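Enquirer: structure, please.
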Amino acid sequence: MLTRRQLVRRGAAGAAVLLLPPATARAAVLRSGRFRQGVLSGDPTPTGITLATILDEAEGRGSVRLEVARDAAFRRVVASRNITTSGADGHSVKARIKGLDPHERYFYRFETRTTQSPVGRFQTALPEDSNETVKFAFFSCADYTHGYYNAYELMAREDIDFVVNLGDYIYAEAYHSRKSGTGVRDDKIGEAKTLADYRDKYALYRSDKALRDVHAKFPMIATWDDHEVVDNYAGNAPGGGLDASKGYSNARKNAGYKAYFEAMPFFPSGRSRIYRGLRFGKTVDMVMLDQRQYRDDQPCGDAVAAPCADYDAPRAYLGRTQLDWVKQRLATSPAAWKVIGNEAMMMNAELPGGNYYGFDSWQGYSNEREELLEHLRARAIKDVVFVTGDIHTFIAGDVRTQRNRGESVALEFVGGSITSQSFGETNLPIGGGQTLPGNDANPNTAPAIIDTLRGLNPWVDQADFDHHGYGLVEANASKFDVTLKRVQTIKKRSRATLPTAGFTYSVARGQTSIKGVNGPKG
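Expert: Below is the predicted model of the structure:
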């Protein structure tokens with residue numbers, strides 16, 4: 001337990017600069033509070049990092065002390081400041097640190113007058129002129145109720161520099177329960193509709209130690225998808241493009257956004273811009289997208305059906321400002337690998353009878369999709385890799401122009417889900433009133449079904465419809481290695497994994513196809 005004198009004695013230290021949030025005034029260090037949600041770091045640059053926590057059971061407005069050090073014992077402190085927080089911000093505590101050394105490991109902690117947070121660590125990014133290897137994990141879709149966070153537990157043990165969250169970090173909805181038979185634990189919040197509800201969701205999800213450990217060990221580069229607000233909403237469409245029964249409103253969207261910005265370890269640019277780029281030496285340029293906030297309504301009622309009459313009508317997905325920014329970033333990036341943090345799949349998902357598996361992903365926004373991919377082709381922009389979430393399935397394949405009928409200009413790796421229900425765990429609609437039967441307790445999709453769907457989607461090399469996990473990347477100046485890491489089960493706590501054979505890729509510079517690496521060549 002720290003005394004007031006100990007806190008004052010530590011003072012400001014080091015050459016690092018702690019940038020406080022706007023409009024922060026001096027306030028006394030809070031006496032109490034709990035750090036139940038752990039500590040978080042995010043958006044590493046060669047000289048900077050964002051550090052965050054949320055103080056539970058705080059008594060009102062006051063400050064929380066943050067220390068950053070070069071060692072876990074905090075003998076070499078480089079920054080130490082008080083950060084003001086209050087109930088109006090959900091007692092979120094967040095600051096941006098600058099003036100750090102490139103590619104160095106640091107440690108950090110928060111404290112009140114009587115309590116101290118766990119110690120977190122982070123590593124700053126490579127300097128811009130570095131050709132060193134970059135290692136990271138990417139993941140999405142972590143429904144708290146459907147399974148245990150075995151994938152997070154494994155991720156926390158990886159030898160990586162940072163993690164990339166591609167959305168659906170929380171679920172506003174509660175789809176599963178122990179009583180229903182498909183849940184392993186319950187979400188008593190139910191469906192989040194108010195700011196308090198959304199805040200409670202982050203606290204609930206972080207009640208699992210495995211997620212807290214991931215945050216404590218690695219910086220996170222995050223974007224959102226739909227479930228941080230409500231399923232399949234379109235941020236630029238009246239009523240979110242949803243049926244009134246979904247209960248969508250601008251007030252609800254704003255509540256979801258506010259809770260997200262309080263809880264996640266980065267600051268939006270302006271009011272709510274989250275698309276951004278981060279460089280890791282000469283090796284990786286990480287381009288994070290926002291595919292929710294600016295999109296128009298999905299076409300064709302977002303049904304599992306054949307493309308409708310207005311399928312090709314112009315509609316925004318990234319929106320003009322973001323799309324132009326992405327095109328410029330890719331055209332001018334000097335990095336060996338241009339990695340796009342992509343919420344929803346770029347490859348099409350086509351089904352028997354000419355049906356599409358919904359229109360919520362890039363396949364529902366064919367004009368923007370084609371504009372971006374044609375830009376890659378026309379400008380000869382090579383070594384572009386999409387790392388993708390959303391669809392709860394492991395898929396690897398080629399990204400082709402001309403509605404997937406043209407040439408491959410990029411590659412895509414879809415990293416399954418942490419726990420959210422996979423295709424093999426549910427009855428999968430394939431159009432025309434037909435379904436592929438699944439089994440939540442024992443998913444076991446027949447190889448023949450994978451082969452049939454791969455035949456309908458010839459750009460796909462490999463797929464796993466049944467299991468959960470994440471993707472691992474190790475990139476250097478000459479190659480981009482990917483492992484789709486699959487856990488054996490989410491229905492009990494386990495660190496068992498499936499063999500990586502058939503789910504690893506080593507991509508060479510200039511390579512634009514992985515078709516035939518693990519699947520059939522045809």
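
Enquirer: rest of the way, CA atoms for contacts and neighbours
Expert: Will do.

Enquirer: what about the strands in the stretch 351-500 of the chain?
Expert: For the stretch 351-500 of the chain, the strands defined by DSSP state E, counting those that start in this stretch occupy 356-357, 384-388, 394-400, 408-415, 428-431, 434-436, 460-464, 468-475, 479-487.

Enquirer: how close does residue 249 get to residue 292?
Expert: According to Cα to Cα, to the nearest Å, residue 249 and residue 292 sit 15 Å apart.

Enquirer: same thing with residue 234?
Expert: 6 Å.

Enquirer: contact partners of stretch 472-487?
Expert: 131-138, 150-151, 282-284, 336-337, 394, 415, 467-471, 495-500, 503-509 (Cα atoms under 8 Å, 6 or more residues apart in numbering).

Enquirer: rerun at 6 Å
Expert: With contact meaning Cα atoms under 6 Å, 6 or more residues apart in numbering, stretch 472-487 is reached by 133-137, 283, 336, 468-471, 497-498, 503-509.

Enquirer: quick one: buried ones out of the residues you listed?
Expert: Buried residues within the contacts of stretch 472-487, counting neighbours by 16 or more other Cα atoms under 10 Å: 133-137, 283, 336, 468-471, 497, 503-507, 509.

Enquirer: ok so, going back, filter the contacts of stretch 472-487 down to the ones in strands?
Expert: 134-137, 468-471, 504-508 (DSSP state E).

Enquirer: quick check: the gap between the residue lying closest to residue 174 once chain neighbours are set aside and residue 145.
Expert: Among residues not flanking residue 174 along the chain, residue 190 sits closest, at 5.3 Å (Cα to Cα, 6 or more residues apart in numbering). Separation of residue 190 from residue 145 (Cα to Cα) stands at 11 Å.

Enquirer: cool, and residue 321?
Expert: Residue 321 sits 37 Å away from residue 145, taking Cα to Cα as the criterion.

Enquirer: show me what counts as buried in stretch 79-89.
Expert: Neighbour count says stretch 79-89 has 79, 80, 81, 82, 83, 84, 85, 86, 89 buried, by 16+ other Cα under 10 Å.

Enquirer: now swap in stretch 183-197 and tell me
Expert: Those would be 183, 184, 185, 186, 187, 189, 191, 192, 193, 194, 195, 197, for stretch 183-197 by 16+ other Cα under 10 Å.

Enquirer: next: stretch 513-522.
Expert: In stretch 513-522, counting by 16+ other Cα under 10 Å, buried: 513, 514, 515, 517, 518, 519.

Enquirer: and which of the buried residues of stretch 79-89 is nearest residue 112?
Expert: residue 82 (9.6 Å; Cα to Cα).

Enquirer: okay, and that closest one sits in which element?
Expert: Here residue 82 sits within strand 77-85, counting by DSSP states H and E.

Enquirer: now do that strand, average pLDDT.
Expert: Averaged across strand 77-85, pLDDT comes to 96.

Enquirer: who are the packing partners of the next helix or strand after it?
Expert: Downstream of strand 77-85, the first helix or strand assigned by DSSP H and E is strand 92-98. Judged by 3 or more Cα pairs under 6 Å, 6 or more residues apart in numbering; DSSP states H and E, the packing partners of strand 92-98 are strand 17-19, strand 49-54.

Enquirer: name every strand pairing with the longest one and say which way it goes.
Expert: The reference is to strand 49-54. Looking at strand 49-54 with DSSP bridges, its partner strands are strand 39-42 (antiparallel), strand 92-98 (antiparallel).

Enquirer: quick one, which of those gets closest to residue 359.
Expert: Closest among these, using Cα to Cα: strand 39-42, at 31.5 Å.

Enquirer: rounded mean pLDDT for the closest one, please.
Expert: When pLDDT is averaged over strand 39-42, the result is 98.

Enquirer: contact partners of that strand?
Expert: For strand 39-42, the external contacting residues (Cα under 6 Å, 6+ apart) are 50, 51, 52, 53, 215, 216, 219, 220, 221, 265, 266.

Enquirer: CSV for the strands paired with strand 49-54, including mean neighbour count and distance to residue 72?
Expert: Output for these, formatted as CSV (neighbours: other Cα atoms under 10 Å; distance: least, Cα to Cα, whole Å):
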stretch, mean neighbour count, distance to residue 72
strand 39-42, 28, 14
strand 92-98, 23, 18
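
Enquirer: turn the ones you listed into CSV, columns for distance to residue 270.
Expert: Converted to CSV, the strands paired with strand 49-54 look like this (distance: least, Cα to Cα, whole Å):
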stretch, distance to residue 270
strand 39-42, 18
strand 92-98, 15
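
Enquirer: go through those strands and name the closest to residue 331.
Expert: Closest approach to residue 331 among the strands paired with strand 49-54 (Cα to Cα): strand 39-42, 25.9 Å.
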